[in-house]
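**Student:** Everything below, folded, please.
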Amino acid sequence: MLSVIALLAVASIAIGIVSVAALLGTLTGQLDDQLTAATGRSQVDGNRPGDSPGQGAGGIRPEFIQVGTVSAAVIAGSVVSYLYLDDSGTAQTLSRAQLATLGAVASDGRPRSIHLEALGDYRVVSKPAGSGAILVGLPLAPLNSIVLQLIVTIAIVSALGVALAGLAGTWIVRLALRPLDRVAATASHVAELPLDKGEVALAVRVSDDDADPRTEVGQVGAALNRMLEHVASALSSRQESERKVRQFVADASHELRTPLTSIRGYAELTRRSSHELPPDVVHSIGRVESEAKRMTSLVEDLLLLARLDEGRDLETEPVDLSRLLIDAIGDAHVAGPDHHWSLDLPDEPVIAPGDGLRLHQVIANLLANARTHTPAGTEVTVALSSTADVVTITVSDTGPGIPQPLLSELFERFARGDGSRSRLAGSTGLGLAIVRAVVEGHGGAANVASVPGDTAFTVTLPANQPAFRPASHPASHPAASQGGAD
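**Tutor:** Residues are numbered from 1 along each chain as shown. So this is what the prediction gives:
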């Protein structure tokens, strides 16, 4: 609209300039015709010096002269008769400067514009007559006044026209683009949908009225609908693939638990038998038992994540988070006596709805992560705070920190750090993934911020109603249901 208004303004200015130039040319031509007619009716004869203007036998005939007209008769280069009628019609003499300006006009019969001191702009013509010349001048003030009025009129009309055109054009454009606004609103709504995980029902579409391919906006709406159909199909395929993967992990984890338990049992039974075994055999059986135990932990973690992905395996009950943190920090102190553990709790106990066992696992995993990936002597602090709506748990340490490239994927499954926070023996790489899954299953969020010397994991949980499905939610697969009962 600004471009259109600018074009209209330029067109109005161009029209105004052409109109003023045309009018000025027409009026000037009419004035020149009057001057030519006036000089044709004038005549010079034997005027004598000293005669009054317009008097005597040889004076200029004043019958054609209008108010403001300048007329002079020149013989042999000397002004012998001159005349100027003022506004009252009285003949007035001209000053020396005015006479000098008139005397400089060439006697070639061509009209010219000059400026006479105290009288203003004049259009004059001088042509030979007898032994001298006749000069007649008419004022340009009336002509300039008409042109000025036209300029003002064109400026006002053009400004009003451009303003009204801008307002009308803006209204028309907004009316015409309302379908595009609705298409944009549909795209914005789709952009706000959580499409990154879980089951997605992408049913949002542009209405048929706004997807008419016969209009430009309709073509955009139709293209957006085709894109949404493609995205919905891709999301469905992704969801089905993820469901199969989760189901496979759950089934495989469940099936692996029994043989792993048998391996551990037989290894322990062999190690504790009354038969004397060679030292290398005892060592090998110990390693088998240790690795089976580690494998069992990995299977349990995978099975837990599969259950959490299905929205199951979480209870809803009041949990004393203060007592939970006290127990967790006590366990961490026993597991890592070479670290400095501290606890910051509010004066009153903090109670929140949730699954106490899984929330304890969240804190235990965070504390184990701090213990495993920081050197001896590191100070680890667990803080608890609450508001009317949110409970916040923070686990911070003074260790070497987490590399910035790793922060964005730290809560992903099997994420590994570099040498400063590398995996030690027994780590499955699923601890923080379980933290995020459990916390998000409670309707909360898990975040991390890290710089060298200060790493903080923050868990926020709703303080009132939980946002997850209870453990009694029906299982979607018999094997998964059986695994949940084990």
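
**Student:** Would you point out which residue is most central in the chain?
**Tutor:** The residue lying closest to the centre of the chain (CA atoms, centre = their mean) is Ser188, at 12.6 Å.

**Student:** Tell me the pLDDT of it.
**Tutor:** For Ser188, the pLDDT comes out at 85.

**Student:** quick one: it and Arg307, what's the gap?
**Tutor:** Using CB to CB, to the nearest Å, Ser188 is found at 35 Å from Arg307. C-beta coordinates here come from the backbone N, C-alpha and C atoms, glycine included.

**Student:** do the same with Pro111
**Tutor:** Counting by CB to CB, the gap from Pro111 to Arg307 is 105 Å.

**Student:** where does the stretch 251-400 of the chain dip in pLDDT?
**Tutor:** In the predicted model, the stretch 251-400 of the chain carries pLDDT under 70 at residues 310-313.

**Student:** Could you rerun that using 90?
**Tutor:** 251-319, 335-336, 346-350, 352-358, 361, 365, 369-374, 376-377, 386-389, 399-400 (pLDDT under 90).

**Student:** Can you verify my assumption that His254 contacts Leu302?
**Tutor:** No - His254 is beyond contact range of Leu302, at 9.8 Å (criterion: CB atoms under 8 Å).

**Student:** Please, where are all the strands along the stretch 51-200 of the chain?
**Tutor:** For the stretch 51-200 of the chain, applying DSSP state E, counting those that start in this stretch gives strands covering 70-75, 78-85, 91-92, 112-116, 120-129, 132-139.

**Student:** now the fifth one and strand 112-116, what's the angle there?
**Tutor:** Interaxial angle, strand 120-129 versus strand 112-116 (axes from the mean of the first three to the mean of the last three CA atoms, to 10 degrees): 120 degrees.

**Student:** Packing partners of strand 120-129?
**Tutor:** helix 2-41, strand 70-75, strand 112-116, strand 132-139, helix 141-176 (3 or more CB pairs under 8 Å, 6 or more residues apart in numbering; DSSP states H and E).

**Student:** what's the offset of the last one from the middle of its chain?
**Tutor:** In terms of CA atoms, centre = their mean, to the nearest Å, the centre of helix 141-176 is found 36 Å from the chain centre.

**Student:** Could you number the chain from 283 rather than 1 from now on?
**Tutor:** Understood, numbering begins at 283; the last thing we discussed is helix 423-458.

**Student:** That one: which residues count as buried?
**Tutor:** Leu425, Val429, Leu432, Ile436, Ser440, Val444, Ala447, Gly448 (16 or more other CB atoms under 10 Å).

**Student:** now do the third one
**Tutor:** Applying a neighbour-count criterion of 16+ other CB under 10 Å, the buried positions in strand 394-398 are Arg394, Ile396, Leu398.

**Student:** Asp390 - how many residues pack around it?
**Tutor:** 11 (other CB atoms under 10 Å).

**Student:** Show me what the helix ranked longest in the chain packs onto, helices and strands only.
**Tutor:** Assignment by DSSP state H gives helix 498-553 as the longest helix of the chain. Secondary-structure packing of helix 498-553 (3+ CB pairs under 8 Å, 6+ apart): helix 460-473, helix 561-591, helix 760-767.

**Student:** how close does Val429 get to Ile436?
**Tutor:** 11 Å.

**Student:** which neighbours do these two share?
**Tutor:** Val302 (CB atoms under 8 Å, 6 or more residues apart in numbering).

**Student:** Off-centre distance for stretch 619-631?
**Tutor:** 45 Å.

**Student:** Straight-line length of it, end to end?
**Tutor:** One end of stretch 619-631 sits 27 Å from the other (CA to CA, to the nearest Å).

**Student:** Equivalent analysis for stretch 397-406, please.
**Tutor:** 10 Å.

**Student:** Adding mean pLDDT and distance to Ala505, write the helices and strands packed on strand 402-411 out as a markdown table.
**Tutor:** Below are the helices and strands packed on strand 402-411 laid out as a markdown table (pLDDT from 0 to 100; distance: least, CB to CB, whole Å):
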| stretch | mean pLDDT | distance to Ala505 |
| --- | --- | --- |
| helix 284-323 | 87 | 26 |
| strand 352-357 | 58 | 77 |
| strand 394-398 | 86 | 65 |
| strand 414-421 | 79 | 70 |
| helix 423-458 | 90 | 19 |
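
**Student:** Now render the ones you listed as a markdown table, adding distance to Gly726.
**Tutor:** Listed next are the helices and strands packed on strand 402-411 as a markdown table, based on distance: least, CB to CB, whole Å:
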| stretch | distance to Gly726 |
| --- | --- |
| helix 284-323 | 49 |
| strand 352-357 | 99 |
| strand 394-398 | 89 |
| strand 414-421 | 92 |
| helix 423-458 | 44 |
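
**Student:** The ones you listed: which one's closest to Arg554?
**Tutor:** helix 423-458 (85.0 Å; CB to CB).

**Student:** Measure how that closest one sits relative to helix 498-553, angle-wise.
**Tutor:** Using the same axes, to 10 degrees: helix 423-458 against helix 498-553 is 40 degrees.

**Student:** Next, the angle helix 284-323 makes with helix 423-458.
**Tutor:** Using the same axes, to 10 degrees: helix 423-458 against helix 284-323 is 160 degrees.

**Student:** which helices and strands sit right next to helix 423-458?
**Tutor:** Looks like helix 423-458 contacts helix 284-323, strand 402-411 (3+ CB pairs under 8 Å, 6+ apart).

**Student:** I'd like these written out as TSV, with distance to Ala466 and mean neighbour count added.
**Tutor:** Putting the helices and strands packed on helix 423-458 into TSV (distance: least, CB to CB, whole Å; neighbours: other CB atoms under 10 Å) gives the following:
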stretch	distance to Ala466	mean neighbour count
helix 284-323	21	14
strand 402-411	61	19
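
**Student:** for those, which one sits closest to Ala532?
**Tutor:** helix 284-323 (61.1 Å).

**Student:** chain center to the closest one: distance?
**Tutor:** 49 Å.

**Student:** Stretch 465-480 now?
**Tutor:** Taking mean C-alpha positions (CA atoms, centre = their mean), stretch 465-480 and its chain are 17 Å apart.

**Student:** and if you look at stretch 542-553?
**Tutor:** With CA atoms, centre = their mean, you get 63 Å for stretch 542-553.

**Student:** Now it: buried residues?
**Tutor:** Those would be Leu542, Ile545, Arg546, Ala549, Glu550, for stretch 542-553 by 16+ other CB under 10 Å.

**Student:** so how far is Val486 from the residue nearest to the centre of the chain?
**Tutor:** 10 Å.

**Student:** Format the helices and strands packed on helix 423-458 as TSV; extra columns: distance to Ala731.
**Tutor:** Formatted as TSV, these follow (distance: least, CB to CB, whole Å):
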stretch	distance to Ala731
helix 284-323	46
strand 402-411	81
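
**Student:** Of those, give the one that comes closest to Thr497.
**Tutor:** Nearest of those (CB to CB): helix 284-323, 20.2 Å.

**Student:** That closest one - contacts with which helices or strands?
**Tutor:** Using 3+ CB pairs under 8 Å, 6+ apart, helix 284-323 is in contact with strand 402-411, strand 414-421, helix 423-458.

**Student:** Dump stretch 520-538 to CSV, keeping only the CA atoms.
**Tutor:** Listed next in CSV are the C-alpha coordinates belonging to stretch 520-538 (Å, rounded to 0.1, in the frame of the first residue of the first chain):
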residue,chain,number,x,y,z
ARG,A,520,7.2,-42.5,12.8
GLN,A,521,4.7,-43.2,15.6
GLU,A,522,4.2,-46.7,14.4
SER,A,523,7.9,-47.3,14.0
GLU,A,524,8.5,-45.9,17.6
ARG,A,525,5.7,-48.1,18.9
LYS,A,526,7.3,-51.2,17.4
VAL,A,527,10.7,-50.3,18.7
ARG,A,528,9.4,-49.7,22.2
GLN,A,529,7.4,-52.9,22.1
PHE,A,530,10.5,-54.8,21.0
VAL,A,531,12.6,-53.2,23.8
ALA,A,532,9.9,-54.0,26.3
ASP,A,533,9.6,-57.6,25.1
ALA,A,534,13.3,-58.2,24.8
SER,A,535,14.0,-56.7,28.2
HIS,A,536,11.3,-58.8,29.8
GLU,A,537,12.6,-62.0,28.1
LEU,A,538,16.2,-61.2,29.1
